[in-house]
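Novice: turn this into a model:
(6 chains)
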Number of protein chains: 4
Amino acid sequence: MKFHNNKPIYQQIGTVIRNDIIKEKIKSGDRMPSIREMAIELEVNPNTVNRAYADLQAEEIIFNKRGIGYFIHEKAKESIMEEEKKEFIEKKLPAIFDQMILLNINFEDLQKYYDEYKAKGGKK
Amino acid sequence: MKFHNNKPIYQQIGTVIRNDIIKEKIKSGDRMPSIREMAIELEVNPNTVNRAYADLQAEEIIFNKRGIGYFIHEKAKESIMEEEKKEFIEKKLPAIFDQMILLNINFEDLQKYYDEYKAKGGKK
Amino acid sequence: MKFHNNKPIYQQIGTVIRNDIIKEKIKSGDRMPSIREMAIELEVNPNTVNRAYADLQAEEIIFNKRGIGYFIHEKAKESIMEEEKKEFIEKKLPAIFDQMILLNINFEDLQKYYDEYKAKGGKK
Amino acid sequence: MKFHNNKPIYQQIGTVIRNDIIKEKIKSGDRMPSIREMAIELEVNPNTVNRAYADLQAEEIIFNKRGIGYFIHEKAKESIMEEEKKEFIEKKLPAIFDQMILLNINFEDLQKYYDEYKAKGGKK
DNA sequence: GTGGTCTAGACCACC
DNA sequence: GTGGTCTAGACCACA
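Specialist: The predicted model follows:
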């Protein structure tokens, strides 16, 4: 897997996993690949996967059964979506709107870009 | 001046200057404060300001007259706005739209948040 | 390593590396010595090497893998040669020819100097 | 007058004067503009012109009559040409030839570029 | 281990 | 006065 270089890899891994949960590629109760498996698959240092898992555990998205592995929490999807929605509305959107003002972009323009986006296929 | 901790100071300085140019607080042809003056004002090491200025010079936003100081380029405002607009439309917006889909937020919701944002005063 | 005094050290380091790439002493995909290793080898401050590497990265000659080190880009050699050839033909040669006219040196003279150069061994 | 930023202005002034002498725009015995006049004409600090003149004086290209001004030396043109020719042949040409080898440019190519240069007008 | 940032302080060339 | 470079040393995040 290719990672970009402007964010820590362990965060990028976390994001991928969170997105997979939202998209229901992986679901509550599923067992995560072991740290080593994941490390090999992603061509990444196991420490890095470890850190990604640790963070997800701290967010109560996954949990660890000693000697067995990591599993997806009940309600993982719901709590991720709630968390990210909050972040999105309270942090990202205001920043976007601030920049729109600075760049002289109004809401009609935004609508136009949204239409273009949908036309082009939207979800990649 | 207070800087937040998740971005390098020299980048934050660059951003402030770029925004000041967009807002026309400083204009084409103006002389920038000298590196040392700026360093004192921002309570920062001169090297840090130096790096911020060097980056802006590489972006052709400011230029240097030997032994005299840094000056704002002709067209600085235009080129900054063009650059940032491009970044905004090609990078940030698609990411936002992607996330909207993921989080099940539709355009009507976006409109609603925008109205709230405007009501609250918009520009901080 | 000895540096001359009329150019910044970090630029001289960059030039040495670029030439090593052209001469294929180092090749695409190779890992560069770490900043600290290089600093010790060149008897120079790590910050200086850092700056040299940063510039090469900006030119897309080397790139960074987080926590691992710097590596030579694919196409590094090609892009360097293209770039330098352009510089040579569009900037240096015309300056040389201008000066030849000023100094009353014609092309036959140039040929003579070239022959002498080859006779003396050419490449140092 | 516009100066480029990669060489000290006082050196650029010196070069212009030397070239004017070679081109016989100014000749042996002529009086140079006073430092102040020159500074105003070039939109430059008088100190800068002063330094340029000082260097030319050290090279025995101009000399100073106290209270009267600076004058072009006898033999100024000859000595400049001799000096620059030496520099050109011993320093610049070998560097050019070195780079040609590195960039895989042979003498036939050089000939071709020279022909193109002459075709395009040569002396600017 | 890796690189990135920042500080403090020095020295220098230039205007 | 201006900026540019370099050093020494520190601290941090990341793999």
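Novice: residues of chain A that sit close to DNA strand F?
Specialist: Applying C-beta under 7 Å from any atom of the strand, one finds that chain A approaches DNA strand F through A:P8, A:I9, A:Y10, A:Q11, A:V44, A:N45, A:N47, A:T48, A:R51. For glycine as for every other residue, the C-beta is placed from the backbone atoms N, C-alpha and C.
Novice: pLDDT below threshold where in chain A?
Specialist: Counting by pLDDT under 70, chain A shows low-confidence ranges at A:122-124.
Novice: pull the contacting residues for the residue most central in space within it.
Specialist: Residue closest to the average C-alpha location in chain A (C-alpha atoms, centre = their mean): A:T15, at 2.6 Å. Listed by C-beta atoms under 8 Å, 6 or more residues apart in numbering or on different chains, the contact set of A:T15 is empty.
Novice: how much space separates the residue in chain A sticking out farthest from the centre from DNA strand E?
Specialist: Most distant residue from the mean C-alpha position of chain A: A:N104, 30.4 Å away (C-alpha atoms, centre = their mean). Using C-beta to the nearest atom of the strand, to the nearest Å, A:N104 is found at 30 Å from DNA strand E.
Novice: name the element the residue lying closest to that residue once chain neighbours are set aside belongs to?
Specialist: Spatial nearest neighbour of A:N104, excluding adjacent residues (C-beta to C-beta, 6 or more residues apart in numbering or on different chains): B:M81 at 7.6 Å. Using DSSP states H and E, B:M81 sits within helix B:76-87.
Novice: using CSV, list the CA coordinates for that helix.
Specialist: Provided in CSV are the C-alpha atoms of helix B:76-87 (Å, rounded to 0.1, in the frame of the first residue of the first chain):
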residue,chain,number,x,y,z
ALA,B,76,1.6,38.5,-5.3
LYS,B,77,-2.1,38.7,-4.3
GLU,B,78,-3.3,37.3,-7.7
SER,B,79,-0.9,34.4,-7.7
ILE,B,80,-1.7,33.5,-4.1
MET,B,81,-5.4,33.5,-4.7
GLU,B,82,-5.1,31.5,-7.9
GLU,B,83,-2.9,29.0,-6.3
GLU,B,84,-5.1,28.6,-3.2
LYS,B,85,-8.2,28.5,-5.2
LYS,B,86,-6.8,25.7,-7.3
GLU,B,87,-5.8,23.8,-4.2
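Novice: that helix: what's the following helix or strand?
Specialist: Using DSSP H and E, the helix or strand that follows helix B:76-87 towards the C-terminus is helix B:93-102.
Novice: list the buried residues in that following helix.
Specialist: Neighbour counts over helix B:93-102 (16 or more other C-beta atoms under 10 Å in any protein chain shown) mark B:L93, B:P94, B:I96, B:F97, B:Q99, B:M100, B:L102 as buried.
Novice: again with stretch A:46-62
Specialist: A:T48, A:V49, A:R51, A:A52, A:Y53, A:D55, A:L56, A:I61, A:I62.
Novice: swap in stretch A:13-23?
Specialist: A:I13, A:G14, A:I17, A:R18, A:I21, A:I22.
Novice: would you confirm that the last one contacts A:S79?
Specialist: No: judged on C-beta atoms under 8 Å, A:I22 makes no contact with A:S79 at a distance of 10.9 Å.
Novice: check contacts around the residue of chain A found nearest DNA strand F.
Specialist: Residue of chain A nearest DNA strand F, by C-beta to the nearest atom of the strand: A:I9 (3.1 Å). Applying C-beta under 8 Å, 6+ apart to A:I9 gives the contacts A:F3, A:V44, A:T48, C:R66.
Novice: go on, A:R18?
Specialist: By C-beta under 8 Å, 6+ apart, the neighbours of A:R18 are A:L56, A:I61, A:I80, A:E84.
Novice: I'd say the last one and B:M100 touch.
Specialist: No: between A:E84 and B:M100 no contact is recorded; they are 10.9 Å apart, counting by C-beta under 8 Å.
Novice: chain A: helices as residue ranges?
Specialist: For chain A, applying DSSP state H gives helices covering A:9-22, A:35-42, A:46-58, A:76-87, A:93-102, A:107-119.
Novice: can you dump the C-alpha atoms of the fifth one in PDB for me?
Specialist: As requested, the backbone C-alpha atoms of helix A:93-102 are provided in PDB (Å, rounded to 0.1, in the frame of the first residue of the first chain):
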ATOM      1  CA  LEU A  93     -16.700  23.000   7.700                       C
ATOM      2  CA  PRO A  94     -16.000  26.300   9.500                       C
ATOM      3  CA  ALA A  95     -12.400  26.200   8.100                       C
ATOM      4  CA  ILE A  96     -13.800  25.500   4.600                       C
ATOM      5  CA  PHE A  97     -16.300  28.400   4.900                       C
ATOM      6  CA  ASP A  98     -13.600  30.700   6.300                       C
ATOM      7  CA  GLN A  99     -11.400  30.000   3.300                       C
ATOM      8  CA  MET A 100     -14.300  30.400   0.900                       C
ATOM      9  CA  ILE A 101     -14.800  34.000   2.200                       C
ATOM     10  CA  LEU A 102     -11.100  34.600   1.800                       C
END
